[in-house]
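Asks: A structural model of the following input is requested.
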Amino acid sequence: MRTLLTAATLALFSGPALAAPLCDNLAFSGLLAKCNRGDTIKVTLSSGKPLGEGPVILESGAYYEMEITADGTAEIGLSGPDFFRAIWMDEIVINDIEVRPMAIDSFEFDDAGTAEFSFIAIKPGRYHILIPGTTGESQRLEIRIQ
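Replies: Predicted structure coming up:
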């Protein structure tokens, strides 16, 4: 029985089922370690312009920042509830105000401005963030978590 439990435990905690962080030595800071940070993802909200270049490929278990900038040409929202539930959100920063939410569905910009949020990619899959009510491919950004 002990051998069976040991084998089951080893199978559970080894192999590709575990998230692979970007660095080998996470030290005391764990997943928030500097070596575990991916490139910043830039998203632009502007009337008639693409959201960004995609697809964006993320590594499960890695820490990322997304910078969403609206130029004020229109009142524009950004929705992506499936993506926002596939990540662990650390914080959202708007005008130097830090918010640590449990979950969000969308952002909306009434004027020009920038919102930044940091997160750890968790659930592998293919997701989209998009401008609600639009159908154009340039009005959506594909994000893949591997």
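Asks: contacts, neighbours, all on C-alpha from now
Replies: Fine.
Asks: number of residues surrounding the closest residue to D110 other than its chain neighbours?
Replies: Taking Cα to Cα, 6 or more residues apart in numbering as the measure, D110 lies nearest to E75, with 4.6 Å between them; neighbours along the chain are not counted. As a burial measure, the neighbour count of E75 was computed by other Cα atoms under 10 Å and equals 15.
Asks: just the helices in the chain please.
Replies: When assigned using DSSP state H, the helices of the chain occupy the ranges 2-12, 81-84.
Asks: looking at those, which has the lowest confidence?
Replies: Within these, confidence is poorest for helix 2-12, with a mean of 45 (mean pLDDT).
Asks: show me where pLDDT drops low in this structure?
Replies: Under the criterion pLDDT under 70, the flagged ranges of the chain are 1-30, 32.
Asks: please enumerate the strands of the protein.
Replies: Per DSSP state E, the chain has strands spanning 41-45, 56-58, 63-70, 76-79, 87-94, 97-99, 106-109, 113-121, 125-130, 140-145. These are given in chain order.
Asks: who's in contact with the fifth one?
Replies: Translated: strand 87-94. 98-103, 114-123 (Cα atoms under 8 Å, 6 or more residues apart in numbering).
Asks: what about the closest residue to I41 other than its chain neighbours, distance to R140?
Replies: What sits nearest to I41 in space, not counting adjacent residues and going by Cα to Cα, 6+ apart, is M66, at 4.6 Å. When Cα to Cα, to the nearest Å is applied, the distance between M66 and R140 equals 15 Å.
Asks: higher neighbour count, those two?
Replies: A direct count of neighbours by other Cα under 10 Å for M66 and R140 places R140 higher, at 24 against 16.
Asks: which residues does the more buried one contact?
Replies: With contacts taken as Cα under 8 Å, 6+ apart, R140 has the following neighbours: P50, L51, H128, I129, L130, I131.
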